[in-house]
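Enquirer: Quick one, structure for this:
(chains A and B)
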Amino acid sequence: MTTDENFKHLEQKLERYGAGVSLSSSEKEFHRGEVLSFMRASRKPVPSPYVHLFVLGTRSFAAIILVLVVGGAGLASAAEGSLPGNLLYPVKVRFTEPTVAALSFSKESRADYEVERASRRLEEFARVSTTRPPDTETAEALADSLGAHIEDAQTAITALAAEGNTEEALDASAELEAVLTAHAEVLERFEDVDPDAAEDIAIVSEEIESGIAETSELSESLEDTVTETIAEDIMETLHEQKEDAENTAARLLERIQLAHTTLGEEDEQTALEEMAVIEELLAQAAAAETEGLYTDALLLYIDADEKLTHLEVFLETDTELGIDVIEGEE
Amino acid sequence: MTANLTRLLWCNMKAPTVSYMKRKIDETTFIEAYDTYAEAIFRYCFFRIGDRDRAKDLMQETFTNAWAYVQKGKEIENLRAFLYRVAHNACVNEIRRSKAQSLEVMQEAGFDPADERMRSPETEAEAALVRMHLAKLPGSAREVLTLRYMDGLPVNEIAVILKESPNTISVRIHRALGELQKRMQTL
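Expert: Purely as a prediction, here's the structure:
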């Protein structure tokens, strides 16, 4: 494995490790409540111009609002941790989650949320299965629901890519694939532990396998798009950098020759030596480009450009201000 | 390795200059920011402090401090970068205040930062290895790796948060990766 591949591999490990450190939904919800309380406590009261209309009915009005707000939010919040078979589970699946999805303020957050929903269904199935053996009805309901979530996630990912956010779409697609693969492995273990449940688990596993295959195809197509875009952009950057470096080098060389009298023999010699180093770098960059080593070529052009900038500043200071800053090597 | 650094530098060159208008933040926007960034801010605090409970408190403190700032009528250009900046300050204060235990010490004490998600033994083993070596890196190296890879921030935004140039950040990430790679290879 090359060093670059090692680095890429390490970057992926870090991303996976980071993804494993997260808040549970109840922790996130709890701190959200604390932040909201803080915000409300620090809110500056603004008297309503219509306050007198409600003076007589203030208490009953407040009570109604309280019931509506606390009741609605409380129900949604209580439903958040519910599992299949619980009374509040349909509230979560049919109300809370679609509402959150509909309120997503970007295609990226929508795609991420749809991936999370697919993951949630599988987590719920796993949790329920640890307390009681899964039955065919639960497995079929989950498979249907999972299939719909995977499709929604893929639609959201495709929409994200269509907006030009291919890298973000690829991230979301890879996440979906990883989630499904991980759960497929988990379900295999369940089968080992409880062979009687194998048939029911197979219903879910089949849906997951089909989801993995489809998502994998989507990821591959997105990867191709990303690679093409990167290659095109690298070439564009390379040509810009090359043009800049060559033009600056020519300009500076001319300037050194013109400043023959003001520079002094020693400084002129040092500047010319530095130019020789830069020209060597440019030649190496051109050779790398010819050999198709575009990233190496880009690095060499960047290196040459940095040296040119230094030399230009020194020349300017030396010739324009008369300050002797060009020093020969000791 | 040079190609990796090139990729990081190239990202800086190609990334559009992020420009934000200074604006006042209302309650809805702020709570949306909590929903979007709480997880990432928590992760950032966790990797700086090494204590899951303290990281949760610091995450909350970040949001309350940020809201207190907003309440003073101050305007913010980039809310995400601002939140990270506040979290950075909160973590620095926490480290100064309590001389917090390093990740390494926490891990030796049997600490496991994982949440309730189920993970395969392979993922668990890999995470343990990364955790061990990451804990041994200097705080500044761990910080840039956390921001870049655990929280997935672009180099330009990390530069804004840490008040450095994008190229400096790229080089720091590159060096931190190299150091981590070296430590993992010498196992």
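
Enquirer: From here on, just use CA atoms for contacts and neighbour counts.
Expert: Will do.

Enquirer: State the helix or strand in which residue 184 lies.
Expert: Reading this off chain A. Using DSSP states H and E, A:Ala184 sits within helix A:166-193.

Enquirer: look at chain B instead
Expert: Per DSSP H and E: helix B:166-185 holds B:Met184.

Enquirer: Check which helices and strands that helix sits against.
Expert: Counting contacts by 3 or more CA pairs under 8 Å, 6 or more residues apart in numbering or on different chains; DSSP states H and E, helix B:166-185 is packed against helix A:3-20, helix B:2-14, helix B:121-136, helix B:139-145, helix B:155-162.

Enquirer: Leaving aside the residues adjacent along the chain, what's closest to B:Val144?
Expert: B:Ile173 (6.0 Å; CA to CA, 6 or more residues apart in numbering or on different chains).

Enquirer: So the nearest residue to B:Glu143 once chain neighbours are set aside versus A:Glu306, what's the distance?
Expert: Nearest residue to B:Glu143 in three dimensions, chain neighbours excluded: B:Arg48, at 6.7 Å (CA to CA, 6+ apart). Counting by CA to CA, to the nearest Å, the separation of B:Arg48 from A:Glu306 is 34 Å.

Enquirer: neighbour count winner among the two?
Expert: Set side by side, B:Arg48 and A:Glu306 show more neighbours around B:Arg48, with 25 against 14, by other CA atoms under 10 Å in any protein chain shown.

Enquirer: quick one: that one is in a strand?
Expert: No. Assignment of B:Arg48 by DSSP: H, G, I helix; E, B strand; the rest coil gives helix, placing it outside any strand.

Enquirer: residue contacts, it?
Expert: Neighbouring residues of B:Arg48 by CA atoms under 8 Å, 6 or more residues apart in numbering or on different chains: B:Cys91, B:Gly139, B:Arg142, B:Glu143.

Enquirer: among those, which two are most distant?
Expert: Farthest pair in the contacts of B:Arg48 (CA to CA) is B:Cys91 and B:Arg142. Separation: 13.1 Å.

Enquirer: the more surrounded of those two?
Expert: Per other CA under 10 Å, whichever of B:Cys91 and B:Arg142 has more neighbours is B:Cys91, with 24 against 21.

Enquirer: quick one: stretch A:271-282 near chain B?
Expert: No. Stretch A:271-282 is not in contact with chain B by CA under 8 Å from any CA of the partner chain; minimum separation 15.6 Å.

Enquirer: Which parts of that stretch count as buried, going by neighbours?
Expert: A:Ala271, A:Leu272, A:Glu274, A:Met275, A:Ile278, A:Glu279, A:Leu281, A:Leu282 (16 or more other CA atoms under 10 Å in any protein chain shown).

Enquirer: right, so of the helices and strands packed on helix B:166-185, which gets closest to A:Glu291?
Expert: Closest approach to A:Glu291 among these (CA to CA): helix B:2-14, 15.5 Å.

Enquirer: The most far-flung residue of chain B relative to its centre - nearest residue in space that isn't next to it in sequence?
Expert: In chain B, the residue that sits farthest from the middle, by CA atoms, centre = their mean, is B:Gly73; the gap is 27.2 Å. Leaving aside its chain neighbours, B:Gly73 sits nearest to B:Lys24 (7.2 Å; criterion: CA to CA, 6+ apart).

Enquirer: mind checking how far that neighbour is from chain A?
Expert: 15 Å (CA to the nearest CA, to the nearest Å).

Enquirer: contacting residues around the residue in chain A that chain B sits nearest to?
Expert: Nearest residue of chain A to chain B, counting by CA to the nearest CA: A:Gly18, 4.2 Å away. By CA under 8 Å, 6+ apart, A:Gly18 lies in contact with B:Arg43, B:Thr146, B:Tyr149, B:Met150, B:Asp151.

Enquirer: Touching, the residue nearest to B:Gly73 and B:Gln71? I think so.
Expert: No. B:Lys24 lies out of contact with B:Gln71 (CA atoms under 8 Å); the separation is 9.4 Å.

Enquirer: the more surrounded of the two?
Expert: Comparing B:Lys24 with B:Gln71 by other CA under 10 Å, the one with more neighbours is B:Gln71, at 18 against 13.

Enquirer: shouldn't B:Ile95 be in contact with B:Asp51?
Expert: No. Judged on CA under 8 Å, B:Ile95 makes no contact with B:Asp51 at a distance of 11.3 Å.

Enquirer: Can you name the residues of chain A sitting close to chain B?
Expert: Residues of chain A found near chain B, taking CA under 8 Å from any CA as the criterion, are A:3-4, A:6-7, A:10-11, A:13-24, A:28, A:31-32, A:34-36, A:38-39, A:42-43, A:182, A:185-186, A:233-234, A:295-296, A:298-299.

Enquirer: change it to 6 Å
Expert: Within reach of chain B by CA under 6 Å from any CA of the partner chain, chain A has these residues: A:Thr3, A:Asp4, A:Glu15, A:Tyr17, A:Gly18, A:Val21, A:Thr295.

Enquirer: Report the buried members of these.
Expert: A:Glu15, A:Tyr17, A:Gly18, A:Val21, A:Thr295.

Enquirer: Turn the residues you listed into TSV, including distance to A:Val93 and pLDDT.
Expert: Below are these laid out as TSV (distance: CA to CA, whole Å; pLDDT from 0 to 100):
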residue	distance to A:Val93	pLDDT
A:Glu15	29	82
A:Tyr17	29	79
A:Gly18	28	80
A:Val21	25	81
A:Thr295	49	76
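
Enquirer: Those: which two are farthest apart?
Expert: It's A:Val21 and A:Thr295 that sit farthest apart of those, by CA to CA, at 34.3 Å.

Enquirer: how about the strands of chain A, start to end?
Expert: Taking DSSP state E as the criterion, chain A contains no strands.

Enquirer: show me where it has helices.
Expert: Using DSSP state H, the helices of chain A run over residues A:3-20, A:25-41, A:58-80, A:89-91, A:97-102, A:107-131, A:136-162, A:166-193, A:198-258, A:260-263, A:265-290, A:294-320.
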